[in-house]
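Q: Sequence first, predicted coordinates after that:
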Amino acid sequence: MHIRQANNNDYQAISILLQEAFKEETHSDHREHLLVQRLQGSTAFIPELSLVAELNHQIVGYILLTRIRIVTPLAEGVSALALAPVAVSPSHQRKGIGSRLINYAHETARNLGFGSVVVLGHEDYYPRLGYKMAKDYNVSLPFDVPEKNCMILELQEDALRGHSGQVIYPKEFMG
């Protein structure tokens, strides 16, 4: 398997992959492909953090990390990343592709100087990759979701020290 930065020629395959990967997911609005399209045209988009996993020259996985902020009412806050979405083709799931994509994206983001990643995800999966409850950092998400699904990973040691508050997502997330 090969992981690389997505390019303009990949977007149709990425859109199809996202639709297939989330088709049976009960906690999905089945519009992840539209979210990615909106984010690709936004200032939150970071091309180096839009990644595909290829197997035999076929895209079998995708991950996107985009800019967000964590702010308090009295402070400007700190820059962070949102992991959304990550997807693996149904025929290639449960083979470690998703976790390899996530770890690769983490390393790339760390090398780009980002300090933390926020995810709204499965409470049994993401802690295995180092994520901790967002409430442990006094960070909340701006919508009503179970606390157990709101998680953060510090890419840099103490990246969130002294920073708490609410995650502010780009308007494209609300589309």
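A: Looks like it came in fine. Numbers count the residues shown, from 1 in each chain.

Q: which residues in the chain form helices?
A: Along the chain, counting by DSSP state H, helices occupy 11-22, 32-40, 97-111.

Q: my read: residue 80 touches residue 109, true?
A: No: counting by Cβ atoms under 8 Å, residue 80 does not reach residue 109; the two are 9.8 Å apart. In short, each C-beta sits where N, CA and C put it, glycine included.

Q: Common neighbours of those two, please.
A: residue 117 (Cβ atoms under 8 Å, 6 or more residues apart in numbering).

Q: Compare those two and say which is more crowded by neighbours.
A: Taking other Cβ atoms under 10 Å, residue 80 and residue 109 do not tie; residue 80 has more neighbours (26 against 23).

Q: quick one, what contacts the more buried one?
A: Contacts for residue 80 (Cβ under 8 Å, 6+ apart) come out as 67-70, 114-118, 152, 167.

Q: out of these, who's nearest residue 129?
A: residue 117 (9.7 Å; Cβ to Cβ).

Q: Quick check: that closest one touching residue 159?
A: No: using Cβ under 8 Å, residue 117 is not in contact with residue 159; the gap is 9.8 Å.

Q: Settle it for me: which of these two has more neighbours?
A: In terms of neighbours (other Cβ under 10 Å), residue 117 is the more surrounded of residue 117 and residue 159; the figures are 27 against 19.

Q: Give the bridge partners for the more buried one, please.
A: Following DSSP bridges, residue 117 is listed with bridge partners residue 81, residue 153.

Q: pLDDT score assigned to the residue nearest to residue 145 when sequence neighbours are not counted?
A: Nearest residue to residue 145 in three dimensions, chain neighbours excluded: residue 120, at 6.0 Å (Cβ to Cβ, 6 or more residues apart in numbering). With respect to pLDDT, residue 120 scores 93.

Q: What's the local residue count around residue 120?
A: For residue 120, the neighbour count with other Cβ under 10 Å is 19.

Q: For it, give its distance to residue 19.
A: To residue 19, residue 120 is 19 Å away according to Cβ to Cβ, to the nearest Å.

Q: now swap in residue 13 and tell me
A: Note on residue 13: its distance to residue 19, by Cβ to Cβ, is 11 Å.

Q: and if you look at residue 75?
A: From residue 75 across to residue 19, the span is 39 Å (Cβ to Cβ).
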